[in-house]
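**Q** the following block contains a protein sequence and its predicted model.
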Amino acid sequence: MAVANEGSVLNVVTLDDGAKIPVFNRTLGINEFDLMRASDGTLGIRKKAGLSTETVPDIVAAIGNPQSVSSQAAAGK
């Protein structure tokens, strides 16, 4: 898995097939993002854009179900 900030879209890219899964979108761009490893081994991602911060606490589970990415981000604000 790789993370690619493409200006207004932050994608997770799967290395096995190169699929791009959008994690965050923002028209004005994404200023900063961090990967976070939890004590249980899960990998999360947090983005900062303007004055807001959003988090997807388990990105591996989210990319298995791309529709859950936006719901995890909304829950992790």
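**A** Good, I have the coordinates. None of these values were measured; they are calculated from a predicted model.
**Q** show me the shaky parts of this protein.
**A** 65-77 (pLDDT under 70).
**Q** mind listing the strands for it?
**A** Along the chain, the stretches classed as strands by DSSP state E are 2-5, 9-13, 20-25, 32-37, 43-49, 52-56.
**Q** a markdown table for these, including mean neighbour count and distance to Ala62?
**A** From N, CA and C alone the C-beta is placed, and that goes for glycine too. Shown next, in a markdown table, are the strands of the chain (neighbours: other C-beta atoms under 10 Å; distance: least, C-beta to C-beta, whole Å):
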| stretch | mean neighbour count | distance to Ala62 |
| --- | --- | --- |
| strand 2-5 | 12 | 12 |
| strand 9-13 | 18 | 8 |
| strand 20-25 | 17 | 7 |
| strand 32-37 | 12 | 13 |
| strand 43-49 | 18 | 9 |
| strand 52-56 | 18 | 5 |
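**Q** for the residue nearest in space to the middle of the chain, give me its contacts.
**A** Taking C-alpha atoms, centre = their mean as the criterion, Val23 is the residue nearest the geometric centre of the chain, at 3.9 Å. Val23 is in contact with 3, 10-12, 45, 47, 56, 59, 62, 69, 73, counting by C-beta atoms under 8 Å, 6 or more residues apart in numbering.
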